[in-house]
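*Asks:* generate coordinates for the sequence data below:
(chains A and B)
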Amino acid sequence: MKCKLNRLLPVMIPVLCLTILGVAQAGPLKVGAARVDISADAYEDGNPPPRTYAHEWLYIRAIVLDNGETKALLLGADLSGIRPDEVYQDASAQISRELGIPVENMIMSGTHTHSGLRERRDPQKMQAAIVQAARAANANLQPGSVGFAEGMVYLNVNRDVIDAKTRRWTQDTNLDFPSDKTLAVLAFYDEQGAPIAGYMNYAMHPVNGYLSGFRSGDAPGAASRHVEQAFGDTMVMVFVQGASGDQNPLHLRNSTNVMAANSGVPRTGFEMTREVVETPLREGQVERRQNDPVADEALKRWMDAQGQVIGEEAIRVMSHMDRLRSDVRIAGRQTTLTCPGRDRTNADTARAGVAGSYADGEDAKMRLGVLGINEIALASINAEVYNIIGQQVKAASPLRKTMLVTVANGRATSGYIPSDDAYGRQTFQVVGSRLKPGCAQTGIVRNFTDMIYEQIL
Amino acid sequence: MRRGHAKRKISLNALSLLMLTLLGLTIIDAAQAGSLTVGAAKVDISSTGYADGKPPARNYAHEYVYIRAIVLDNGETKAVLVGADLAGVRPEDMYQEAAATVARELGMPVANIIMSPSHTHSTYPVLENSEQVLAAIVRAVRLAAADMQPASVGFGEGEVFLNANRDVIDYETGRWTQDTNLDYPSDKTLAVMAFYDKRGAPIAGYLNYAMHPVNGFLSGFISSDFAGAASRHVEQAFGDSMITIFTQGASGDQNPLHLRTGSNVMAVASGTEVTGFELTRETVEGRLRGDVERRPNDPAADEALKRWMDAQGQVVGEEAIRVMTNMGRLSDNVRIGANQMILTCPGRDLVERVDRGYPGTYVDGDDVNIRVGFLGINEIGLAWTNAENYSLIGQQAMAEIPLAKTMVVTKSNGRPNSGYVPTDDAYGRNTFQVVRSRLKPGCAHAGIVKSVTDMAYDYIN
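*Replies:* Model prediction:
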């Protein structure tokens, strides 16, 4: 339903609409949650080695909501993404058919861990696990209430910077560029006040385990398990990515040390320039050596520490959450944003640090969605978005309780989505983006805002 | 990020101040600077915490307890920095004897010594007030002095977002209590002074952050808390080839933001239900401080707390290493200068003990004596007091002292008879720190800031 805004009544009318729609469509909330262990799929022989840290297990987690009128699904995976796009499409269609959940009411997202399943993963197994998690959550429905609140976590940092030595753009810490520290938490409680599920959103690339040679859910997986274990494994905690296209962990030293061990670079104890260590390993320019157990242990311990910091803040937020609602309205909508595309013609010259040259390419298509749960808006996009875009989406939303979930519902043909002001940066995200500047940033903000006004308010 | 700090109040105008400072530094450097040599060592005192001298099996680095020492020498004079995984280097007599012994043995002024604890709340009383601690301090200094090598020094700052102000009005009782207050002052700065050898490898680090190590308070096990975990994290990152001392900033009103796992251990010990959510710490802690019969520890709760201490230590340690990695402007020809004094303020005594959250009534008491000092190492300033100052006092001292590379080290060099040192504006709060402070308002806050600032100016000029 559209609420046409009158200049004189910009506030009153949305409130009125909310009230009317709330009365018309709200219903008693039921919530179910479940978790499926997919760790075995990460190993060729299906036999995970002995593991110590909780983040070494990989899961698909699902939360199903039902208000009697309609249903919604929030699904999170300890994966780089739910891709290829066909996996998302097939899984969402099957779940919709089996459980009666409209596809536009689903958000399926990856934590974006860079150390999850092996590259040649089986799409059918992944789809089966997704459906299994959704079924299990649906089978666990119980009366619940929902709330939303925000905390802060200071582990991330902008990663677009000019290298101090080469004076070229590279990927490293930039404390002066945008970085949103918000940890947004959506939580569901049972009638006794115990948590049924949580859904937390933070913008930080889980690249700690990139090229490490071992499997891990990284900081997001550690955070999810920390919260779940804090509540005696009686609830499910989904981690979703915020606008993290240009956001890395501030401290990557342990991770770089593992790369150094694998490529024969001497470790100093200090931070090392990650790109210098990573590039030869990534590009296969050095023969990969055996992992050093000491370096691996330090990295896994650091992943666990980051997970604890995120998890403790999530629990703090959940402990003080107020205005819980057990009578809720659920409304979802999706749209496709189409922007002019480009194809890089000099990709063989350098990954980053040089200007790209381009030819016109096919249009880039991005899947956008909004899911409203009363006064809470979950915006979703199937791409990696620069941080300032996410901040603008939240600032433009008429609902203060808004989060942007990225790497959700398949995979766009855009590559990274830089902000327009970032196109002068020759980082790999920008140079490799298939998007021409001038369309996606404003298009995303406008489309989300429009959908929230039209579908939720 | 320093929140709510005062603007500088310096009588000199900006230009003349800059010129005078540069001129002063240049002249004095030429006269007194010398080639820096540095030595560092640590002594394990873990076994002194156990009646039979046999620590149980331990899994985390912070379950070990150390005394650490860094000795500096520029050929003209020396300085000693001692850090202890203790609540305090106390009692006062022990500090005085240790300082006198070190000064005598190294042939240096007592004023050039800073002995400070991490202020961990989970090593006392068993690890304090002992001859072993005194002996360990002296031994650590001797070891460091025997290990001198040419070195350079630098200073940098990072940020750690683990602390929070702890003066707040309980929303249920309407009374002042100790709990998270995100709106009150809290300095997130992690200051790092580091010493490097001729090849650039670290010899020692000296960290300063303002957060009470109360995670393990009343836990029933011995730990150096996150502070010890941070020291060990940095040391182990460099293959145990260096030592790192953790010192407290102005943390009189600063707690860890997340105390859930610590409160859970208290809850187990006092028979309070653990829910998974944050518990109201004062409620849980109050029972345990009271007369409730202590129950056996739950290994799962203990493990969660120890793991959280380790995580906090890693966060502090990683930020310290990041700062040490990117530190610029190292100096190997340095000037060392120091001073200390006693600040005396009017005292008060509580007429009768009151519960937390209630105002106290007082009679005039003995004057309060607070030891304050300043140690300069080239352009680096270490301002210190032997008390627990509120955060804003530390922030104001750093804003007033003309050296940008300044840290405020609290709990250093003995123990005053003041109790906590609140800011003057905090005297309306009925928190236990304020109510039990022996200081009348209106003296210590401004007095500390002025004293260390005066000494910094004296050092420069």
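*Asks:* which parts of stretch B:453-461 are buried?
*Replies:* If you call a residue buried by 16 or more other C-beta atoms under 10 Å in any protein chain shown, then stretch B:453-461 has these buried ones: B:Thr453, B:Asp454, B:Met455, B:Ala456, B:Tyr457, B:Tyr459, B:Ile460. For the C-beta atoms, the positions are set from N, CA and C on the backbone; glycine is no exception.
*Asks:* my error: substitute stretch A:32-47 in the last question.
*Replies:* A:Gly32, A:Ala33, A:Ala34, A:Arg35, A:Val36, A:Ile38, A:Ser39, A:Asp41, A:Ala42.
*Asks:* now do stretch A:205-218
*Replies:* For stretch A:205-218, burial by neighbour count (16+ other C-beta under 10 Å) applies to A:205-213, A:215-218.
*Asks:* ok now that stretch, how far from the chain's centre?
*Replies:* Chain-centre distance of stretch A:205-218: 15 Å, with C-alpha atoms, centre = their mean, to the nearest Å.
*Asks:* tell me the residues of chain A that contact chain B?
*Replies:* Within chain A, the positions near chain B by C-beta under 8 Å from any C-beta of the partner chain are A:152-154, A:173, A:194-195, A:230-232, A:250-251, A:253-254, A:268-271, A:298, A:301-302, A:304-305, A:308-309, A:312-313, A:315-316, A:318-320.
*Asks:* weed out the non-buried ones from those residues.
*Replies:* Buried among the residues of chain A next to chain B (16+ other C-beta under 10 Å): A:153-154, A:173, A:195, A:230-231, A:250-251, A:253-254, A:268-271, A:298, A:301-302, A:304-305, A:308-309, A:312-313, A:315-316, A:318-319.
*Asks:* show me those residues that map onto strands.
*Replies:* Among those, DSSP state E puts A:Thr173, A:Pro195 in strands.
*Asks:* quick one: average confidence on the lengthiest helix in chain A?
*Replies:* Using DSSP state H, we find that the single longest helix of chain A is helix A:293-319. Throughout helix A:293-319, pLDDT has a mean value of 98.
*Asks:* could you check how many residues crowd around residue 80?
*Replies:* Here I'm looking at chain A. Burial of A:Ser80 is recorded as 19 neighbouring residues (other C-beta atoms under 10 Å in any protein chain shown).
*Asks:* think we crossed wires, I meant chain B
*Replies:* Neighbourhood size, B:Val80 [other C-beta under 10 Å]: 26.
*Asks:* what does chain B have sitting close to chain A?
*Replies:* Contact residues (C-beta under 8 Å from any C-beta) of chain B with chain A: B:159-162, B:180, B:201-202, B:237-239, B:257-258, B:260-261, B:275-278, B:304, B:307-308, B:310-311, B:314-315, B:318-319, B:321-322, B:324-326.
*Asks:* what segments of chain B are helices?
*Replies:* Secondary structure of chain B (DSSP H): helices located at B:14-32, B:92-106, B:131-145, B:225-237, B:260-270, B:281-289, B:299-325, B:391-400, B:432-435, B:444-460.
*Asks:* give the rounded mean pLDDT of the second one.
*Replies:* Averaged across helix B:92-106, pLDDT comes to 96.
*Asks:* likewise stretch B:340-357?
*Replies:* Averaged over stretch B:340-357, pLDDT sits at 95.
*Asks:* distance from the chain centre to that stretch, please.
*Replies:* Computed by C-alpha atoms, centre = their mean, the chain-centroid distance of stretch B:340-357 equals 21 Å.
*Asks:* in it, what's buried?
*Replies:* So, applying 16+ other C-beta under 10 Å, buried residues of stretch B:340-357: B:Gln340, B:Leu343, B:Cys345, B:Pro346, B:Gly347, B:Arg348, B:Arg356, B:Gly357.
*Asks:* closest to chain A out of those?
*Replies:* The nearest member of those to chain A, counting by C-beta to the nearest C-beta, is B:Gly357 at 20.1 Å.
*Asks:* and the closest one, its phi and psi?
*Replies:* phi 100, psi -10 (degrees, to the nearest 10).
*Asks:* now it: closest residue in space that isn't a chain neighbour?
*Replies:* Nearest-residue entry for B:Gly357: B:Arg175, 3.3 Å, with adjacent residues in sequence omitted and distances by C-beta to C-beta, 6 or more residues apart in numbering or on different chains.
*Asks:* and if you look at B:Val138?
*Replies:* Per C-beta to C-beta, 6+ apart, closest to B:Val138 is B:Thr101, 5.3 Å.
*Asks:* same thing with A:Leu250?
*Replies:* In this structure, A:Leu250 finds its nearest non-sequential neighbour in A:Val157, 4.2 Å apart by C-beta to C-beta, 6+ apart.
*Asks:* isn't the one you found right next to A:Ser244, touching?
*Replies:* No - the pair A:Val157 / A:Ser244 is not scored as a contact, 10.9 Å apart, by C-beta atoms under 8 Å.
*Asks:* neighbour-wise, which of the two wins?
*Replies:* Neighbour totals were compared for A:Val157 and A:Ser244, and A:Ser244 leads with 25 against 21 (other C-beta under 10 Å).
*Asks:* that one - that's part of a strand, no?
*Replies:* No - looking at A:Ser244 with DSSP: H, G, I helix; E, B strand; the rest coil, it is coil, so not inside a strand.
*Asks:* okay, now the residue of the stretch 51-200 of chain B found nearest chain A: neighbour count?
*Replies:* Per C-beta to the nearest C-beta, B:Phe161 is where the stretch 51-200 of chain B lies closest to chain A, at 3.8 Å. For B:Phe161, the count of nearby residues is 19 (other C-beta under 10 Å).
*Asks:* can you pull the contacts of it?
*Replies:* By C-beta atoms under 8 Å, 6 or more residues apart in numbering or on different chains, B:Phe161 lies in contact with A:Met152, A:Val153, A:Tyr154, B:Lys188, B:Leu257.
*Asks:* pLDDT score assigned to the residue nearest to the spatial centre of chain A?
*Replies:* Centre of chain A computed as the mean C-alpha position; nearest residue by C-alpha atoms, centre = their mean is A:Gln241, 2.1 Å away. Per-residue pLDDT puts A:Gln241 at 98.
*Asks:* what segments of the stretch 301-450 of chain A are strands?
*Replies:* Remark: strands assigned in the stretch 301-450 of chain A by DSSP state E, counting those that start in this stretch are A:327-328, A:330-344, A:358-373, A:376-381, A:401-405.
*Asks:* how near is the nearest residue to A:Arg333 once chain neighbours are set aside to A:Cys439?
*Replies:* With sequence-adjacent residues excluded and distances taken as C-beta to C-beta, 6+ apart, A:Arg333 is closest to A:Gln455, at 4.2 Å. Using C-beta to C-beta, to the nearest Å, A:Gln455 is found at 22 Å from A:Cys439.
*Asks:* wait, isn't A:Leu211 in contact with A:Gly284?
*Replies:* No - applying C-beta under 8 Å, one finds A:Leu211 not in contact with A:Gly284, separated by 10.8 Å.
*Asks:* low-confidence regions, the chain specifically.
*Replies:* Unless you meant another one, I'm taking chain A. A:1-24, A:118-120 (pLDDT under 70).
*Asks:* hm, I was asking about chain B
*Replies:* Looking at chain B by pLDDT under 70, you get B:1-31, B:124-129.
*Asks:* wait, what's in contact with the residue nearest the centre of it?
*Replies:* What sits nearest the mean C-alpha location of chain B, by C-alpha atoms, centre = their mean, is B:Gln248, with 1.6 Å. Contact partners of B:Gln248, counting by C-beta under 8 Å, 6+ apart, are B:Ser116, B:Pro117, B:Ser118, B:His119, B:Asn208, B:Tyr209, B:Ala210, B:Met211, B:Ala227, B:Val409, B:Thr410, B:Lys411.
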